[in-house]
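*Asks:* Sharing a sequence plus its predicted fold:
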Amino acid sequence: MRLPYLRRPDLLTVLTIVLGAVVAALLLLLGIANLVHPDVPPAYLAQNTGICVLICLAGILIVYALFRPRSGGVLLCIVVVPVGYKIPAAGGLVLTLGVLSVLRGRRARRAAPADPDPAA
């Protein structure tokens, strides 16, 4: 019995996964914590809730991009428009992770073996 084709991960993959996990955890933590206990006046509660939901959505999409880099990266590049409009620093991080995920997905597709050995 032979194990499937495994290759050593490159620097781009490791960097994207580590950075994505840290940013996703940070965004989810801040978004959920602010949803649970908002510290804003009642007049701004609806706006605060919208921003928190957007931050949580970005965190969930980053987690999705860790497992599906190509489609998740494209979704991150799309969601960067509203995130970057509301929170420019988070928009830059989401855009960087989106581009890195797309590059990681393209590189993984190119490096995959075309025809594994069926006799093994």
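*Replies:* Nice, I can see it.
*Asks:* what's the neighbour count on residue 93?
*Replies:* The tally of other residues near residue 93 (other Cβ atoms under 10 Å) stands at 22. In short, each C-beta sits where N, CA and C put it, glycine included.
*Asks:* The nearest residue to it once chain neighbours are set aside is in what secondary structure piece?
*Replies:* Distances taken as Cβ to Cβ, 6 or more residues apart in numbering place residue 23 nearest to residue 93, at 5.3 Å, with adjacent residues excluded. Using DSSP states H and E, residue 23 sits within helix 11-36.
*Asks:* Give me the average confidence score over the next helix or strand after that helix.
*Replies:* For helix 11-36, the succeeding helix or strand toward the C-terminus, using DSSP H and E, is helix 45-67. Across helix 45-67, pLDDT averages out at 93.
*Asks:* again with stretch 21-40
*Replies:* Across stretch 21-40, pLDDT averages out at 93.
*Asks:* Buried residues of that stretch, list them for me.
*Replies:* 23-24, 27-28, 30-31, 34 (16 or more other Cβ atoms under 10 Å).
*Asks:* chain center to the helix holding residue 23: distance?
*Replies:* Averaging C-alpha positions (Cα atoms, centre = their mean, to the nearest Å) puts helix 11-36 8 Å from its chain's average.
*Asks:* picking up where we left off before, wait, the residue nearest to residue 93 touches residue 91, no?
*Replies:* No: look at residue 23 against residue 91 with Cβ atoms under 8 Å: they stay out of range, at 11.8 Å.
*Asks:* any common contacting residues for the two?
*Replies:* Counting by Cβ atoms under 8 Å, 6 or more residues apart in numbering, no residue touches both residue 23 and residue 91.
*Asks:* How about residue 51: what's its closest non-neighbour residue?
*Replies:* Residue 51 sits nearest to residue 86 (Cβ to Cβ, 6+ apart), 5.4 Å away.
*Asks:* how close does that neighbour sit to residue 21?
*Replies:* Distance of residue 86 to residue 21, computed by Cβ to Cβ, to the nearest Å: 23 Å.
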